[in-house]
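[1] Predicted structure and sequence below. I'll ask about it afterward.
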Amino acid sequence: MNLLDGKLVSAKIKEDIKKDAADFTAQAGRKPHLVAILVGNDGGSETYVASKMRNCELVGFESTNIRYDVDVTEEQLIAKIQEINADASIDGLIVQLPLPKHIDPDKITEAIDYRKDVDGFHPINLGRMQRNLPCFIPATPYGIMLMLDYYKIETAGKHAVVVGRSNIVGSPMSILLARNANPGNCTVTLTHSRTKDLKTEVLRADIIVAAIGKKNFVTADMVKDDAVVIDVGINREDSIETKSGFKLYGDVDFDQVAPKASWITPVPGGVGLMTIVGLLKNTLEAAKGTIY
Ligand code: GUN
């Protein structure tokens, strides 16, 4: 078993981003600038946004966190998004999901100018990704592709099984793995809650991407020998053992599955760190204007 080490790969790529950001700042006279909107005070979202902001500072970006109470209206949020769309000093805008029930996430996503949509959630970016055109790629799938690329994992002709069809991870992941690109060129099966006999589907996989949001969901009896296992799960459970007061669990039962896998990502220290890299890369591209 070999570890796909998110800590190592993210640190290396962030060094490159930092150099590029310094070049941009020297030329443009301002830093790349990411704005994150956070609604309410969901514990997970608070942690993720804080980490995104901290990482922006680390690589020399400017970052702004705009917070709203949970009762903010859709109209208020859209008005703010339109203001940011029109602000030339801001390169990238993300609205942290999930949003409260009274706000339609599709409306919010489509209100963001696709040229600042560094989450890659806007239908224009999604469509362009499917067509293999320059676009912003959703951060988690982007980070996973960067990791596969870093370790030169052979993907062409391989059978990839993605578990979970979310807009944020599973769906875009299935598109990226199937694209005529490297990494890519996989035969992809996208499985979800209505899939019959999920175990048999996952057992056929050369590459498993577990993005279902259930602790230890993928067990050893679902994994073929020498499979590549990518664990997207960040399942938080309260714990008195850690300083933060919670513990993270992947969607893969790591202890059981690791001995069978050729490559596997740990949780924490795997995909989560790569997600940040995907977002930083998109923000830099947005600032440089190399995509749009
Ligand atoms: N919630 C969970 N993951 C993400 C992400 O990548 N972007 C945003 N905006 N919200 C999320």
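    Structure's in. What do you need? Residues are numbered from 1 along each chain as shown.
[2] Contacts only, for whichever residue of the stretch 151-292 of the chain sits closest to the ligand.
    Of all residues in the stretch 151-292 of the chain, the one sitting closest to the ligand is Ile168 (5.0 Å; C-beta to the nearest ligand atom). C-betas here are computed from N, CA, C, even on glycine. Ile168 is in contact with Leu97, Phe121, Pro138, Thr140, counting by C-beta atoms under 8 Å, 6 or more residues apart in numbering.
[3] Now for the one residue in the stretch 51-200 of the chain that gets nearest to the ligand: which residues touch it?
    Using C-beta to the nearest ligand atom, the point where the stretch 51-200 of the chain gets nearest to the ligand is Leu97, with a distance of 3.7 Å. Residues near Leu97 by C-beta under 8 Å, 6+ apart: Ser45, Pro105, Ile168.
[4] re earlier: any chance of the contacts of Ile168 in a markdown table with pLDDT, secondary structure and distance to Asp69 as columns?
    Supplementary listing: these in a markdown table, determined by pLDDT from 0 to 100; DSSP: H, G, I helix; E, B strand; the rest coil; distance: C-beta to C-beta, whole Å:
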| residue | pLDDT | secondary structure | distance to Asp69 |
| --- | --- | --- | --- |
| Leu97 | 97 | coil | 17 |
| Phe121 | 98 | coil | 23 |
| Pro138 | 98 | coil | 27 |
| Thr140 | 98 | helix | 27 |
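[5] Where neighbours are concerned, which of the residues you listed has the most?
    Within those, Pro138 tops the neighbour count with 30 neighbours, counted by other C-beta atoms under 10 Å.
[6] Who are the contact partners of that one?
    Contact partners of Pro138, counting by C-beta under 8 Å, 6+ apart, are Asp119, Gly120, Phe121, Ile168, Val169, Pro172, Gly278.
[7] State the helix or strand in which Val229 lies.
    Here Val229, judged by DSSP states H and E, is contained in strand 228-231.
[8] Near the ligand, which residues of the stretch 101-250 of the chain? Just list them.
    Applying C-beta under 6 Å from any ligand atom, we find that the stretch 101-250 of the chain lies next to the ligand at Asp119, Ala139, Thr140, Ile168.
[9] Not counting its neighbours along the chain, what's nearest the third one?
    The reference is to Thr140. Once flanking residues are discounted, Thr140 sits nearest to Thr275: 4.5 Å by C-beta to C-beta, 6 or more residues apart in numbering.
[10] And stretch 96-110, what's buried?
    Neighbour counts over stretch 96-110 (16 or more other C-beta atoms under 10 Å) mark Gln96, Leu97, Leu99, Ile103, Ile108, Thr109, Glu110 as buried.
[11] Which single one of those is nearest to Met129?
    Distance from Met129 was checked for each of those by C-beta to C-beta. The minimum falls on Thr109, at 14.2 Å.
[12] The host helix or strand of Leu34: how far from the chain's middle?
    Of the helices and strands defined by DSSP H and E, Leu34 is found in strand 33-39. Averaging C-alpha coordinates over strand 33-39 and over its chain gives two centres that are 16 Å apart (C-alpha atoms, centre = their mean, to the nearest Å).
[13] elements contacting it?
    helix 43-58, strand 62-68, helix 74-85, strand 92-95, helix 271-288 (3 or more C-beta pairs under 8 Å, 6 or more residues apart in numbering; DSSP states H and E).
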